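S.K.: sequence and predicted structure, then a few things I'm wondering about:
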Amino acid sequence: MPDDLLGEFLKRDGVICPVCSYELTGIAAERCPECGEVLRLGLVAESARLGLWLTGLIALAAGLGSSGLLTFYMVFVRRFPLHSVSPPAMGLGVMGVAVGVWVWQRRRLRLATLPTRVMLTAVALLGSFATNIYVFANL
C-alpha cells in the first residue's frame, strides 16, 4: 500500500528529489535516478543532513571573522604599515575563499557519504584553526 501512495505522489507535476532537486514527476522507481537516494513518502524536516555542513560553515566563518577583525584593527585603529598587515590580510583572503567554496558546494556536500562529510567538516575546523595560528604567529 505505501508503494501505491508513493507512485500516486510521483505522478504529480513539480515533484522534486529532496536531496538533489532532480525532477521526479512520473518516474516509477523508488530511487532517485540522479543521486540514488531511496524515496519514501513521509514527513521530514527541511534541514535534513545540514548539521555537519553548518558546523563547517560556522568554523570557517569564525576564522574569517577573526582575520577580518584583526586586519581592521591593525589598519584602522593601530595604523600599522601595510607590509605588516599582510598575514591577517592573507588569512582574510584564504578564509573568504574557503567560506565561498563551502557555500557554493553545499549541495555536493549534502550528497556526500557520512564519512566524507565528517572528514570535510574536520578539515574545515582544522583549517580555520591553522589559519588563525599562522596569522597570530606572524604578527
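M.R.: Perfect, thanks for sending it.
S.K.: alpha carbons only for contacts and neighbour counts from here, please
M.R.: Will do.
S.K.: got the buried residues for the longest helix seen in the chain?
M.R.: When the chain is parsed with DSSP state H, its longest helix is helix 114-137. Residues of helix 114-137 classed as buried under the neighbour-count rule (16 or more other Cα atoms under 10 Å) are 117, 118, 120, 121, 122, 124, 125, 127, 128, 131, 132, 135.
S.K.: how close does the third one sit to residue 58?
M.R.: For residue 120, the distance to residue 58 (Cα to Cα, to the nearest Å) stands at 13 Å.
S.K.: gap between residue 70 and residue 139?
M.R.: Noted for residue 70: a distance of 10 Å to residue 139, by Cα to Cα.
S.K.: can I assume residue 98 is in contact with residue 60?
M.R.: Yes - in this structure, residue 98 sits in contact with residue 60. The criterion is Cα atoms under 8 Å, and the distance is 6.9 Å.
S.K.: now the helix or strand containing residue 100 - C-alpha only, PDB.
M.R.: Take DSSP states H and E as the rule and residue 100 turns out to sit in helix 86-104. Taking Å, rounded to 0.1, in the frame of the first residue of the first chain, the C-alpha atoms of helix 86-104 are listed here in PDB:
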ATOM      1  CA  SER A  86      49.900  41.000   5.200                       C
ATOM      2  CA  PRO A  87      49.500  37.900   7.500                       C
ATOM      3  CA  PRO A  88      45.900  38.800   8.700                       C
ATOM      4  CA  ALA A  89      45.000  40.000   5.200                       C
ATOM      5  CA  MET A  90      46.200  36.700   3.800                       C
ATOM      6  CA  GLY A  91      44.100  34.900   6.400                       C
ATOM      7  CA  LEU A  92      41.200  37.000   5.500                       C
ATOM      8  CA  GLY A  93      41.600  36.100   1.800                       C
ATOM      9  CA  VAL A  94      42.100  32.400   2.400                       C
ATOM     10  CA  MET A  95      39.100  32.200   4.800                       C
ATOM     11  CA  GLY A  96      36.900  34.200   2.500                       C
ATOM     12  CA  VAL A  97      37.600  31.800  -0.400                       C
ATOM     13  CA  ALA A  98      37.000  28.800   1.900                       C
ATOM     14  CA  VAL A  99      33.600  30.100   3.000                       C
ATOM     15  CA  GLY A 100      32.700  30.900  -0.600                       C
ATOM     16  CA  VAL A 101      33.600  27.400  -1.800                       C
ATOM     17  CA  TRP A 102      31.900  25.800   1.300                       C
ATOM     18  CA  VAL A 103      28.600  27.600   0.500                       C
ATOM     19  CA  TRP A 104      28.900  27.100  -3.300                       C
END
